[in-house]
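Peer 1: I need the structure of the sequence given here:
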Amino acid sequence: MKIIIYGANEIASCLAVEFFEDHDVIIIDSNKKELEIFERLDVGVIQADAFDIKILKDADISDADVFVACSNNDEANIIACLMAKEITNTQTICFVQKQETMDSLNTLKDTYKASWVQAIENVIWPQKFLVQEIFRIITIPRAVDVENFAHGRAKLLEYRIDEESELLNKQVKDCNFNPEVLVAGIVRDDELFIPTGNSEFLLNDKAILIGTPVGLDIMASSLYDKKGKVKKVTIIGGGLVGYELAKNLEQTSMKVKLIENNYERCEMLSQNLKKTLVLNGSGTSLELLQEEDTSRSDVVVAVTNNDEKNLLCSLLSKQLGATKVLTRVSQNTTANLFEKVGVDVALSQTEACVNEIKNRIIDSRSGVIATVERGKGEVIRIELNKKFEAKKLMEIKTPAPCVIAIIQRGSKVIIPKGQTMIKPLDKLLVFTKADDIFKIRECFN
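Peer 2: Numbers count the residues shown, from 1 in each chain. Have a look, this model is predicted:
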């Protein structure tokens, strides 16, 4: 696949690193210095602006499968996508950074039915994907990652094994999980492996579970009881992410506090948030956090625009006794470091966007529908052809470890066991390590 990316920034860098080994990638930007970071990768580089038709033709955009405009200029991204669409039928992805740009595009598309807006297939507002990911994690007790499949009829949850976990030091076969739940993977010391029945859950492991929403809810209630229910959330940072997250949480029964340092911003937040308690102050103030009883928050979310401030707010909140702390980071490389020093979940909006592009647009052709643990594990969809020989799950031998987690058979969603028959035309959701995807797919094909 040929991918052309306009904009030499953090997003483009992450996209290039993700795709250059398996795809033909070209980066376009007018800034020579910014392009230097791509010299270590096997990608094409063009120093120019992508809203120049001549430049797009020089990049052979007619042969491109995907055109991504992710520069730091919203208007330039929109024009570049329109230019690309005018001379070819390549799929376009347009990044916008400003909320007013996103609002204007939505109005033109929904109210005025503007044809030129319709021509841009995918408009990505990075903050939106970060808010969605944080919201999913908050609303599932104790979870550090959440993914939905099969139109909401199946789900992946990831839990960290702490001192209070009932899974601690137990083998998988002794955990008595709900029949509609499977243990798909275990992450230990940043390494992912597919467990067997004899695998043991150790302190600080992450357990990756896949099952039906009902089965996972029953499992969560039995493991965490009422202690796991999220009732109080404190948000530190009232920027776009903090504001949008508070609006979403107001639709639940949770009590929400939002701490913002800028007084004028607090006035705006107070006028637009109906159920959220808005406080003017610094999230790095230990005195303020103590006064506001942050220790009793079930979840603290630090989403300022400064990584160092987010880390300090998170560690202070954790020290005071907050149950779970989520932190926004600007770079993927920072996320692992934050989690090692005590943050429960570190999230990057860049990573959220890259995963969206990878799963929904680029790798959708190869059946990848979800990425977990920063690319270490993936869920792939495999559709069996009509010539597939029906056999029991326990009879299927694969060339690499994997878990056939879900069978979609017509309108049914089946969580398989060893005796479950795998039949022609079944659609399988398979969890495996990213390095083993092609082996697993080749086995079933």
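Peer 1: every contact and neighbour count from this point should use C-alpha atoms.
Peer 2: Noted.
Peer 1: can you tell me the SS state at the closest residue to T276 other than its chain neighbours?
Peer 2: Sequence neighbours aside, V256 is the residue nearest to T276 in space, at 5.1 Å (criterion: CA to CA, 6 or more residues apart in numbering). Here V256 is strand, with the state taken from DSSP: H, G, I helix; E, B strand; the rest coil.
Peer 1: Y243 versus N272, what's the distance?
Peer 2: Distance of N272 to Y243, given as CA to CA, to the nearest Å: 9 Å.
Peer 1: okay, the two: which has more neighbours?
Peer 2: Y243 (21 against 12; other CA atoms under 10 Å).
Peer 1: check contacts around the closest residue to that one other than its chain neighbours.
Peer 2: Counting by CA to CA, 6+ apart, L269 is the residue found nearest to Y243 once chain neighbours are left out, at 7.1 Å. Counting by CA atoms under 8 Å, 6 or more residues apart in numbering, L269 makes contact with 238, 243, 278.
Peer 1: part of a strand, is L269?
Peer 2: No - counting by three-state DSSP, L269 falls outside a strand, being helix.
Peer 1: ranges for the helices of the stretch 151-300 of the chain?
Peer 2: Applying DSSP state H, counting those that start in this stretch to the stretch 151-300 of the chain gives helices spanning 213-224, 240-249, 263-272, 286-291.
Peer 1: just to confirm, which helix or strand has N72 in it?
Peer 2: For N72, there is no host helix or strand (DSSP states H and E).
Peer 1: the residue nearest to T276 and E356: what is the separation?
Peer 2: Distance from V256 to E356, by CA to CA: 28 Å.
Peer 1: out of these two, name the residue with the larger neighbour count.
Peer 2: V256 (23 against 18).
Peer 1: quickly list what the more buried one is bridged to.
Peer 2: V233 (DSSP bridges).
Peer 1: what is the burial count for the residue lying closest to R153 once chain neighbours are set aside?
Peer 2: Distance criterion CA to CA, 6+ apart; nearest residue to R153, sequence neighbours excluded, is T212 at 6.0 Å. Neighbour count for T212, taken as other CA under 10 Å: 25.
Peer 1: for T212, list the residues it contacts.
Peer 2: Counting by CA under 8 Å, 6+ apart, T212 touches 153-155, 180-181, 415.
Peer 1: with V343 instead?
Peer 2: So, once contact is read as CA under 8 Å, 6+ apart, V343 ends up touching 311, 314-315, 318, 325-327.
Peer 1: may I see those residues arranged in a markdown table, with neighbour count and distance to D52 as well?
Peer 2: A markdown table is the format used below for the contacts of V343 (neighbours: other CA atoms under 10 Å; distance: CA to CA, whole Å):
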| residue | neighbour count | distance to D52 |
| --- | --- | --- |
| L311 | 25 | 42 |
| S314 | 29 | 45 |
| L315 | 20 | 48 |
| K318 | 20 | 50 |
| V325 | 27 | 45 |
| L326 | 24 | 42 |
| T327 | 26 | 39 |
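Peer 1: show me where the stretch 251-400 of the chain has its strands.
Peer 2: Secondary structure of the stretch 251-400 of the chain (DSSP state E, counting those that start in this stretch): strands at 255-260, 277-280, 299-302, 324-329, 345-348, 368-372, 377-383, 391-392.
Peer 1: and the pLDDT for the residue lying closest to T88 once chain neighbours are set aside?
Peer 2: Spatial nearest neighbour of T88, excluding adjacent residues (CA to CA, 6+ apart): S62 at 5.4 Å. In this model, S62 is scored at 91, pLDDT.
Peer 1: next: G375.
Peer 2: Per the predicted model, pLDDT is 85 at G375.
Peer 1: same thing with the one 4 residues further on?
Peer 2: You'll see V379 listed with a pLDDT of 93.
Peer 1: which residues of the stretch 101-250 of the chain score low on pLDDT?
Peer 2: Within the stretch 101-250 of the chain, the segments meeting pLDDT under 70 span 224-228.
Peer 1: what are the buried residues along stretch 337-355?
Peer 2: Within stretch 337-355, the residues that qualify as buried are 338-339, 343-355, counting by 16 or more other CA atoms under 10 Å.
Peer 1: just the endpoints, please. Distance across stretch 315-332?
Peer 2: Using CA to CA, one end of stretch 315-332 lies 19 Å from the other.
Peer 1: report the buried residues of that stretch.
Peer 2: 315-318, 320-332.
Peer 1: do stretch 368-380 as well
Peer 2: 368-372, 376-380.
Peer 1: dump it to PDB, restricted to CA.
Peer 2: Taking C-alpha atoms only, stretch 368-380 is exported to PDB below (Å, rounded to 0.1, in the frame of the first residue of the first chain):
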ATOM      1  CA  VAL A 368      -6.800  -6.000  12.200                       C
ATOM      2  CA  ILE A 369      -9.600  -4.500  14.300                       C
ATOM      3  CA  ALA A 370      -7.900  -3.500  17.500                       C
ATOM      4  CA  THR A 371      -4.400  -2.900  18.900                       C
ATOM      5  CA  VAL A 372      -3.500  -3.300  22.500                       C
ATOM      6  CA  GLU A 373      -0.400  -2.600  24.700                       C
ATOM      7  CA  ARG A 374       1.000  -0.100  22.200                       C
ATOM      8  CA  GLY A 375       1.100  -2.500  19.300                       C
ATOM      9  CA  LYS A 376       2.400  -5.600  21.100                       C
ATOM     10  CA  GLY A 377      -0.900  -7.500  20.700                       C
ATOM     11  CA  GLU A 378      -3.700  -7.300  18.100                       C
ATOM     12  CA  VAL A 379      -7.200  -8.600  17.500                       C
ATOM     13  CA  ILE A 380      -7.700  -9.800  13.900                       C
END
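Peer 1: who are the neighbours in contact with the closest residue to V146 other than its chain neighbours?
Peer 2: Distances taken as CA to CA, 6+ apart place L157 nearest to V146, at 4.8 Å, with adjacent residues excluded. Contact analysis of L157 by CA under 8 Å, 6+ apart lists 143-147, 208-210.
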